[in-house]
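J.: I would like the atomic coordinates for the input below:
(2 chains)
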Amino acid sequence: MSRSIGARLARVFVSTCIVALTVPVFLVGCDGETGYGDGETVRIGAVLSLSGSLAGLGEPARRAIEVEVDRINADGGVNGRMVEVLYEDDASDEARSVAAASRLIDQEGVVAIIGGSGTGQSMAMRQEIEPGAVPQVALAGGSIVTDQFSPWVFQTPWPNRVVVPFTLENLQAAGIERLAIIAESGGYGKDGSDVTKDFVDEFGIEIVAEEQFNRGDTDMTPQLTKVRAEAPDAVLMWAAGAEAATILKNNAAIGGAAPLRFFGAPGNARLEFVEGAGDAAEGFMFAAGHILVPETYGVDTEAYEVATSFIDRYTERWGAGPDIFAGHAYDAIHIIVEAARRSPADFTPGDLRDEIEATSGLVSVGGTFTFSPTDHNGMTADDLTMYVIENGAWAPVEEVR
Amino acid sequence: MGAVELLQFALAGLKNGAIYALVALGFTLVYAATGAINFAQGEFYMLGGMLSVWAYAGLGLPLPLAGLVGVAMTALVGGVFELLAVRPRKDGDLLAIIIITVGGSMVLSSAARHLFGPLEKALPAFTSTGTVSIFGAVLEIQSLWILGLTTLAVVALWYLYNRTSLGRAMRACAVNRDAARLVGIDPRRIVTVSFMLAAALGALAGLAVTPLTQTAFDVGPSVGIKGFAAAILGGLGNPIAAVAGGIVLGMLESMSIAFISSTYKDAIALVVLLGVLFWRPQGIFGASRREKV
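T.: Below you'll find the model as predicted:
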């Protein structure tokens, strides 16, 4: 090789720079409006995972916010001021969510931030949120988001500390004593299985097997073979991604006439999961919000009205109904806008935070939100319903057996 | 642990191993032609599934035809990728090519995300969603397809390498590029063909797996890494070694879960990989030869 090491390194460096510079441009090329407003608008930042592994959560959130901001502005915005939402894609990457939050706070002067979509991203942004003194309404369901308390951080999804006792109560009612856990190794699965282990004793349930898998794994037969050897009464699955369908199909294949009974979590409330798992999902049960079947709110309730009108608007705009992730974003934008409407005319992000914390009895899609200085989530088991998959669709279960 | 369970673990390992083997074959082909690792190989796996779903659900083609369209289009993407991104790098600088393929993989997955959306897509099983019982252990019919297609691909590749002039030209290029050029072989054409074949093999794996796992724009990297590990484990540049590497890696993961813990299955596979490389840097089945830089 005749070329000098120096020249070689220089070429490598240049190539790397080109890749490093062009790829992010390509990835973020589709961001929404980022123009400067006229100072009169209420600017809210949204750091969402619009690409990467969590895109399935970020995309419906963006759609819900767009639909709702249009309606809010048509209704006169915030006391006459229009609401403008600046979208940032964190590409499911924690470092990028931090950079996005920093940009929104320092350069765009947003009064609040919605997001991130994932637990890891929501937690990472905190290093910008706290010094920037801007309230954050996270769309991620990890218990840690509000357990590790910050006065600036709120959370709209039902955290696992609410979901787990509700689910275990149903397991207990179904007579399940020996439980196995299969969980993805990342944030959602880890949080879910950790919280489950904290609560099982209260319900007289014993964990007889605990298996993990990684995102992107193509076959979970070995884990299930190991679980079957322990003869559990049921398996609780913590998997929000496409692997959930694979697990159920593997279970149906090796179970033959006697597949293991499976329970899941709100992360499974996705049509792609039900379609992907097909017949293998029949009888699968999971806890999720009332929005999946609005009748579970009670047809004569305010929540039913709120949810069905949102479902209609969303469906009209996007051609398909909203899922629970769209619902979490609906909750977030309305919590912020309602708080802004109660705030003084020239409110600061700090004033807005105080008003968000004062949110009380706000009937929304995920549930009825009441925050307090110690509770920045406010969801309870009343906001959840147990669903079962029957004939390829989810239906509420009145009583679990 | 009973014999039936052990067999069940082995079958799972074999099935995953066959998938890794197909991806590993793609690494091997490009390595033989260019001496570089193609980090976009996992994206060909992704494209095989996504384009087949698009042809099946979007165009409404029957499944066999849709699969063929998916694999053929991915092969085309592989060829175009080589022509547009790799070939302009005329000096064949290895590091530059590797970085180009890393960039290419990002472009391909972003493009798939924008074209087909962020959500996972399903494909029906080729013939039946049923299972077969082998001495009490169970295997999906679709897994038989995976094993069958892998075998077919290996046989076809063997035939290509040993019985056709194109295959001989590919081997000649792998042994000595300059000498091959002297006898009238155009190495640039061989590189393009290798990329297309590698893309087709990756696509075949993606297509065969999609009925079991669904597919999405972001499935490429994790399978790509496994295929790369399999290719290294077996020995780069040798198709039979790549297949063997894939099967060994699949078995290793499955047996790690069986006897140790699912938490550490990837770590265990990686430790074994490193161990093998210390012991035999050329891979378990790789021919011993001096490394050219």
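J.: tell me the SS of A:Ile176?
T.: Here A:Ile176 is coil, with the state taken from DSSP: H, G, I helix; E, B strand; the rest coil.
J.: that one - how many residues pack around it?
T.: When counting by other Cβ atoms under 10 Å in any protein chain shown, one arrives at 22 neighbours for A:Ile176. Glycine gets a C-beta too; all of them are placed from N, C-alpha and C.
J.: repeat for B:Val86
T.: Residues near B:Val86, counting by other Cβ under 10 Å: 23.
J.: is it true that it touches B:Arg188?
T.: No - applying Cβ atoms under 8 Å as the test, B:Val86 and B:Arg188 come out as separate, 9.8 Å apart.
J.: now the phi/psi pair for the closest residue to chain B within the stretch 151-300 of chain A, please.
T.: Using Cβ to the nearest Cβ, A:Gly216 is the residue of the stretch 151-300 of chain A that sits closest to chain B, at 2.9 Å. A:Gly216 adopts backbone torsions of phi 90, psi -10, taken as degrees, to the nearest 10.
J.: and for the one 3 residues further on?
T.: Backbone torsions for A:Asp219, taken as degrees, to the nearest 10, come to phi -150, psi 130.
J.: can you give me the helices in the chain?
T.: The chain I'm using is chain A. For chain A, helices defined by DSSP state H occupy the ranges A:5-28, A:55-74, A:94-106, A:119-124, A:126-132, A:144-147, A:160-173, A:187-199, A:221-229, A:243-255, A:271-277, A:302-318, A:324-342, A:349-357.
J.: actually chain B
T.: With DSSP H as the criterion, chain B has helices spanning B:3-34, B:41-53, B:63-81, B:94-116, B:141-163, B:165-175, B:177-182, B:187-213, B:220-234, B:239-259, B:265-279.
J.: CSV for the helices of chain A, including distance to chain B?
T.: CSV is the format used below for the helices of chain A (distance: least, Cβ to the nearest Cβ, whole Å):
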stretch, distance to chain B
helix A:5-28, 4
helix A:55-74, 3
helix A:94-106, 14
helix A:119-124, 15
helix A:126-132, 25
helix A:144-147, 20
helix A:160-173, 20
helix A:187-199, 11
helix A:221-229, 4
helix A:243-255, 5
helix A:271-277, 4
helix A:302-318, 12
helix A:324-342, 11
helix A:349-357, 29
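J.: so which of the ones you listed gets nearest B:Ser52?
T.: Across the helices of chain A, B:Ser52 has its closest neighbour in helix A:271-277 (15.1 Å, Cβ to Cβ).
J.: now the stretch 1-150 of chain B, which segments are flagged as low pLDDT?
T.: Within the stretch 1-150 of chain B, no range satisfies pLDDT under 70.
J.: again but with the stretch 201-350 of chain A, I slipped
T.: Looking at the stretch 201-350 of chain A by pLDDT under 70, you get an empty list.
J.: swap in the stretch 51-200 of chain A?
T.: For the stretch 51-200 of chain A, no range has pLDDT under 70.
J.: and A:Asp383, how far from A:Val162?
T.: 8 Å (Cβ to Cβ, to the nearest Å).
J.: ok, now B:Ala205?
T.: Taking Cβ to Cβ, one finds B:Ala205 at 41 Å from A:Val162.
J.: what does A:Gly80 give?
T.: 37 Å.
J.: quick one, which of these two is more surrounded?
T.: Comparing A:Gly80 with A:Val162 by other Cβ under 10 Å, the one with more neighbours is A:Val162, at 24 against 8.
J.: if we ignore the residues flanking it in sequence, what's nearest that one?
T.: A:Met379 (5.3 Å; Cβ to Cβ, 6 or more residues apart in numbering or on different chains).
J.: hmm, that neighbour is touching A:Gly366, no?
T.: Yes - using Cβ under 8 Å, A:Met379 is in contact with A:Gly366, at 6.8 Å.
J.: tell me the pLDDT of the residue in the stretch 151-293 of chain B that chain A sits nearest to.
T.: Residue of the stretch 151-293 of chain B nearest chain A, by Cβ to the nearest Cβ: B:Ser222 (2.9 Å). For B:Ser222, the pLDDT comes out at 89.
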